[in-house]
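> Need coordinates for the following:
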Amino acid sequence: MRRPYNFSAGPAAIPEEVLREAAGEMLDWHGSGMSVMEMSHRGKEFISIYEQAEADLRELLAVPANYKILFMQGGGLGENAIVPMNLSRGATVDFVVTGSWSQKSFNEAARYCTTHLAASNAADQHTSMPGSWQLSDKASYLHICSNETIHGVEFQILPDLKALGSDTPLVIDCSSHIASRPIDWSRVGLAFAGAQKNLGPAGLTLVVVREDLLGHALPICPSAFDYATVAEHGSMYNTPPTYAIYIAGLTFQWLKRQQEGGLTGIAAMEQRNRAKAELLYSFIDGSQFYENKVAPACRSRMNAPFFLRDESRNDAFLAGAKARGLLQLKGHKSVGGMRASIYNAMPLAGVQSLVDYMREFEQSHA
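I've put the predicted structure just below:
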């Protein structure tokens, strides 16, 4: 029996291959007689899982040697506080607001530092990239959400602050497109991502931070969230989310095995994700029944919000989708409509099934 296609924005689908591997090891990991959930995080068994996961992630994302990879808790919302407590030094922080998540980051950081709105696309309801940016002279860092899960706006290319004449570190919240495409680390000071969209279950948050940014935490920062402390203790200062790290590690190995058009790993996933997004958006753009309001140049490859032009048919559309095994398509409550999250674990066949259903629904309700 085919599993349904799960379009949830997060917690999201995990590759079936990973789930089956984890199920096979649930009661006994590699002859240890223990489930990973039962292991000490300081025992040799889990340390081997952790070290392999970190090495695989560094390889997959081509993370340079002068960046620390931290496995933390707290999620993206937690990092909205943890980042300014570590990097703001109590000074001004610049923000580019492109949707709900960067707005949340802006609001939360204001509790720990002076925030400056460098640019915003709020005037067009978060459907395009903001134009000119007004950067502060001496900002501690500039924060962007490189992919807005709710509004479906994505930076196709990360901003080059050096080209703008600024040495300000760039901080990116890449929670909803981590590992879907390469990251240009020459432009990034710190990246954080909740794992529950592309890398595994909820509970794990990844932070990749340049070493020169460590050691500047505010006095109010809890020691468990001080990046320097976490890095010094190899993400073991407090008990880490062990099972989530294990599943993420299996996902990293799955990603390394992926092949597409002669490419492997993240390059293969980018090509596959591009094809999935083009399939869905091209159908929507050719329809008079559905619409996507985001400017084509900044549409997300991971989160595609769309609307029925006659929204009185929303409930019927969702009921029919569920009957077809197409789940979690309802849009976020703040914007309404529909949303298809097509993360790495979503195969092209799943997007094709969605497009086929959308076409049939349109024909039967035209």
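> The stretch 201-350 of the chain: helices as residue ranges?
Assigned by DSSP state H, counting those that start in this stretch, the helices in the stretch 201-350 of the chain fall at 227-232, 242-257, 265-285, 314-323, 348-365.
> Reformat these as CSV; add mean neighbour count.
All C-beta spots, glycine's among them, are computed from the backbone N, C-alpha and C. Below are the helices of the stretch 201-350 of the chain laid out as CSV (neighbours: other C-beta atoms under 10 Å):
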stretch, mean neighbour count
helix 227-232, 20
helix 242-257, 22
helix 265-285, 18
helix 314-323, 15
helix 348-365, 16
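> how far out from the middle of the chain is stretch 29-49?
28 Å (C-alpha atoms, centre = their mean, to the nearest Å).
> List the buried residues of that stretch.
For stretch 29-49, a neighbour-count test (16 or more other C-beta atoms under 10 Å) marks 29, 34, 36, 39, 41, 45, 46, 49 as buried.
> Now that stretch: average pLDDT?
Confidence for stretch 29-49, expressed as mean pLDDT, is 97.
> so how far is residue 116 from residue 7?
Distance from residue 7 to residue 116, counting by C-beta to C-beta, to the nearest Å: 36 Å.
> Find the least confident helix or strand in the chain, judged by mean pLDDT.
strand 259-260 (a mean of 94; mean pLDDT, DSSP states H and E).
> Retrieve the pLDDT associated with the closest residue to residue 362 other than its chain neighbours.
Beyond its immediate neighbours in the sequence, the residue positioned closest to residue 362 (C-beta to C-beta, 6 or more residues apart in numbering) is residue 289, lying 4.1 Å away. Predicted confidence (pLDDT) for residue 289: 98.
> And residue 289, how far from residue 186?
Separation of residue 289 from residue 186 (C-beta to C-beta) stands at 44 Å.
> Now for residue 119, which secondary structure element holds it?
Using DSSP states H and E, residue 119 sits within strand 114-120.
> residues in contact with residue 304?
Listed by C-beta atoms under 8 Å, 6 or more residues apart in numbering, the contact set of residue 304 reads 152, 277, 280, 281, 284, 292, 339, 340, 341, 342.
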